[in-house]
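K.L.:
here is a sequence with its predicted model. Questions after.
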Amino acid sequence: MLTLLFILFAGMAIGCALAVVAQRNPLYSAISLIGVFISLSCLYVTLAAPFIAAVQVIVYAGAIMVLVVFVIMLLNIEQEERRRNRLKFLVPTAIVLAAVLIAEVAFMLVSVNNPTPAVSDIGLTSSIGSQLFTRYLLPFEITSILLLMAIVGAMTLARRGGLLSAEARLIPGAQQLPLSLVDPNAAPDDLRLVETDSTEAAARLLGVDPLNTKRD
């Protein structure tokens, strides 16, 4: 029975993983990734590791995926646009690496013996806690720093507006411009924002030819 459940949940994990890379909408990819995490937690239950299964759902399917969805919404990432593939060598490289990975898994399944498992405390709360805060304390703290760097990077990428340099020739749409840059009669330190809804409107405010800005 456990073997059938393991095969079922493993198939669900593989299917959701394929959906992650096949979806063109990043939000749908994130939802598929939640399916992968839940399938992995079910696999941990079949392997007699209930605490790891609970942590998989709470931390990854919960907190981490909330962060991922938050970043997707913050960056306002829309559906992927099909473009000409310039790095054509990546497709055969990916196929070769996938074949190597499948060969490694097949080799382990064939060559590794399966002796009768002995009673072990691996996967229990006490053993995980003692190892996590003693032997693996440094990697645990490094992981928290990496997550903090990811949050700061997402906030940096999501910043909108700002001052345009004097040499800027490309004016993006929906831009917020300081009043001192738009109105020559305004004080140089007047940073009150003037919003424009299009590239043409911003070009007219700056007295720049819209055709030249688009061409540059």
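P.N.:
Happy to help now that I have it. In this text the structure is predicted, and so the values were computed from the model without any measurement.
K.L.:
burial count for Leu40?
P.N.:
With neighbours defined by other Cβ atoms under 10 Å, the count for Leu40 comes to 22. For glycine as for every other residue, the C-beta is placed from the backbone atoms N, C-alpha and C.
K.L.:
roughly how far does it sit from Thr3?
P.N.:
When distances are taken as Cβ to Cβ, to the nearest Å, Leu40 and Thr3 turn out to be 17 Å apart.
K.L.:
which residues are in contact with the host helix or strand of Leu43?
P.N.:
Here Leu43, judged by DSSP states H and E, is contained in helix 26-46. Taking contacts as Cβ atoms under 8 Å, 6 or more residues apart in numbering, the residues outside helix 26-46 that touch it are 2, 5-6, 9-10, 12-13, 16-17, 19-21, 23, 50, 52-54, 56-57, 60-61, 65, 68-69, 72, 77, 80, 123.
K.L.:
let's go with 6 Å and repeat that
P.N.:
Applying Cβ atoms under 6 Å, 6 or more residues apart in numbering, the external contacts of helix 26-46 come out as 2, 5-6, 9, 12-13, 16-17, 19-20, 23, 52-53, 56-57, 60-61, 65, 68-69, 72, 77.
K.L.:
contacts for the very next helix or strand once past it next, please.
P.N.:
Under the assignment DSSP H and E, the closest C-terminal helix or strand after helix 26-46 is helix 50-55. For helix 50-55, contacts defined as Cβ under 6 Å, 6+ apart pick out 41, 44-45, 123, 125.
K.L.:
can you list the buried residues in helix 50-55?
P.N.:
Buried residues in helix 50-55, counted by 16 or more other Cβ atoms under 10 Å: 52-53, 55.
K.L.:
now Leu5, nearest residue through space, not along the chain?
P.N.:
Excluding the flanking residues, the one nearest Leu5 by Cβ to Cβ, 6 or more residues apart in numbering is Thr46, at 5.3 Å.
K.L.:
how close does Gly15 get to Asn25?
P.N.:
Here the criterion is Cβ to Cβ. By it, Gly15 lies 17 Å from Asn25.
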